[in-house]
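Colleague: Need coordinates for the below:
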Amino acid sequence: GDLRFDRDPSPAVTEEGATFGLQVRNPMHLAERRLNLRGQGETEMRRMLMVVFVVILAVGATAAAGTEADGLFRVKKLTDSIYIFTEVTPWESNHVVILGENGTVLVDPGHTALMGRLIREAVAGELGVDRFDYVVNTHGHWGHTWGNSGFPEATIVGHDQAAVEIDTDAPNVQQRREFIRGQLEQSEARLTELDAASEEAETERIQRDHFDRIVRGLSEPGFTVRSPGLTFSERMSLDLGNLSLEMHYFGRAHSTSDIAIIIPEEKVALIGCFFLERGVLPAFGTQPVLDPDQWLEVFDRVLDDSSGIEHIVLGQHHVWPRERLATMRDYIADLWTGVQALDAEGVDFDTVVEKLPIPSELDFVKAAGATDDQLAQLHRFELSALWRQLKVSAVQEVARALDEGGLEAGLRRYQALAAAGEAEVFFDENGFNMLGYRLRGQNRVDEAIAVFEINVERFPESWNVYDSLGEASAVQGDTGKAIALYRRSVELNPE
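Modeller: Model prediction:
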């Protein structure tokens, strides 16, 4: 037989200095070169058999020892050329491997170089592939892109704005590490209070290990954040010989850099975290400024009858059938048309919610386990996301003032907007809540508390605004205030 090992003449080097230029190509391919045992002699044949035996023993010993990658991923073969490696973590991120004749692609490499190496190891064990020609970022958020640095041999591909997002976020490595370290410590504390044999404890251990892995990855000496080197503005195609990756910019949605990847030959589309499933709720449109017209154009390309797309791979959790995406596309189109028409009539937001009820097409969300209240919250959230595109967004204005001028500037801007009234300004509870958590994650706790206090002032009957302010107060060390806020939250929402 023919075991042909091709070594890259200049193998790539990992951050630890280990090379991984060795690849196994077509291990059972007999036609290219045959070993003429008759002409080799008995000694040479024994030597070669011993080498093969030693290699088998080494591989077996490594497998027996086990590694951190073992059991970390669920592997789904979507087609002969596309495999999904889904993390067994709270995030359930999908890392998609695409095997082309002229190149191997990994879509979304995870949160750190450490996770990137674990993905590489899992893919090598499952598919016999240990090198990638391209790594594609479906958007610029750190949890899906900071693993870029674990693939130094690959060309990193993404939207122009993904490079901006990643480069802008790169200085926050230390802050993010300490924030996640805090989450790790809380998880470890919760574990001490649980029955070690319970399902709840097992779930908590998975979460603890997830936080620990991120902290270790962000603490590695020499860890750097790597942004895409090959970018595009609207469309781009990668030719892999038998496959083509057609990339389209969604516009601003979950991030400012979301893209769809259509692989027509395999009838597969990848849409990253455009829909961010929160439990069973498929949320979308979390950016302050959105591009719904562009979303609908891209979805029309994905769902074009000529493409025959059958599988829709999300950035986390699930693979949708074509029909699910068509339902969500129609839902977005109806909402966007409806809010524009109602804005032209001069109605307020509460009237918008009343006149645009939840459509029956979303019954699949209820069938998946959502309560009526949860579905109503999702619907209101999406209505508000689209409605704020037609108004001056108080959240966006306050966020800009905070980022540019600090706490006092942010409060002054809010007071000016509040004085202007709600005819032209939209005050969005969910938007302010997300802004507060963004500030808290950046360790700007005083500003986060000020934003959460704005939410309490404007939405005093919402249990969630007290809960969020309570969390931030606890982080600041004001335990008494936090307890009082939690009590008020429970009064409003005993469940």
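Colleague: Which phi and psi values does Lys77 adopt?
Modeller: phi -80, psi 110 (degrees, to the nearest 10).
Colleague: Let's test this: mean pLDDT of stretch 144-154, rounded?
Modeller: Stretch 144-154 shows a mean pLDDT of 96.
Colleague: my bad, stretch 180-192
Modeller: For stretch 180-192, the per-residue pLDDT averages 93.
Colleague: Low-confidence regions, the protein specifically.
Modeller: 1-66, 422-423 (pLDDT under 70).
Colleague: what about the residue lying closest to His111 once chain neighbours are set aside, is that helix, strand or coil?
Modeller: Counting by Cβ to Cβ, 6 or more residues apart in numbering, Gly143 is the residue found nearest to His111 once chain neighbours are left out, at 4.7 Å. Quick note: C-beta positions are derived from backbone N, CA and C, even for glycine. When classified by DSSP: H, G, I helix; E, B strand; the rest coil, Gly143 comes out as helix.
Colleague: Contacts only, for Gly143.
Modeller: 91, 93, 110-111 (Cβ atoms under 8 Å, 6 or more residues apart in numbering).
Colleague: Kindly report the same for Pro109.
Modeller: With Cβ under 8 Å, 6+ apart, Pro109 has these contacts: 95, 115-116, 119, 135, 144-145, 147-148, 150-151.
Colleague: rerun at 6 Å
Modeller: 116, 135, 147-148 (Cβ atoms under 6 Å, 6 or more residues apart in numbering).
Colleague: Next one: the closest residue to it other than its chain neighbours relative to Thr138, how far apart?
Modeller: Spatial nearest neighbour of Pro109, chain neighbours left out: Gly147 (3.3 Å); criterion: Cβ to Cβ, 6+ apart. If you measure Gly147 against Thr138 using Cβ to Cβ, to the nearest Å, the figure is 13 Å.
Colleague: likewise Thr67?
Modeller: Where Thr138 is concerned, Thr67 sits at a distance of 27 Å (Cβ to Cβ).
Colleague: So between those two, which is more surrounded?
Modeller: Thr138 (31 against 13; other Cβ atoms under 10 Å).
Colleague: Hmm, that one is touching Cys273, no?
Modeller: No. Thr138 lies out of contact with Cys273 (Cβ atoms under 6 Å); the separation is 7.0 Å.
Colleague: any common contacting residues for the two?
Modeller: Gly315.
Colleague: And the helix or strand hosting Phe452, what's buried?
Modeller: If you go by DSSP states H and E, Phe452 is part of helix 445-458. The neighbour-count check on helix 445-458 (16 or more other Cβ atoms under 10 Å) flags 445, 447-456, 458 as buried.
Colleague: Let me know the closest of these to Trp387.
Modeller: Nearest to Trp387 among those is Arg458, at 15.6 Å by Cβ to Cβ.
Colleague: For that closest one, give me its contacts.
Modeller: Phe427.
Colleague: next one: Gly241
Modeller: Here Gly241 is in contact with 100-102 (Cβ under 6 Å, 6+ apart).
Colleague: Distance check, it against Ser81.
Modeller: Here Gly241 is placed at a distance of 11 Å from Ser81 (Cβ to Cβ).
Colleague: what does Thr112 give?
Modeller: Distance from Thr112 to Ser81, by Cβ to Cβ: 27 Å.
Colleague: With neighbour numbers in mind, choose between the two.
Modeller: Thr112 (28 against 20).
Colleague: before we move on, what SS does the nearest residue to the more buried one once chain neighbours are set aside have?
Modeller: Leaving aside its sequence neighbours, Thr112 sits nearest to Gly217 (Cβ to Cβ, 6+ apart; 2.7 Å). Here Gly217 is recorded as helix under three-state DSSP.
Colleague: thought Gly217 was touching Leu114?
Modeller: Yes. At 3.5 Å, Gly217 counts as touching Leu114 under the criterion of Cβ under 6 Å.
Colleague: His159 reaches Ile261, doesn't it?
Modeller: No. Contact criterion Cβ under 6 Å: His159 and Ile261 do not qualify, at 11.3 Å.
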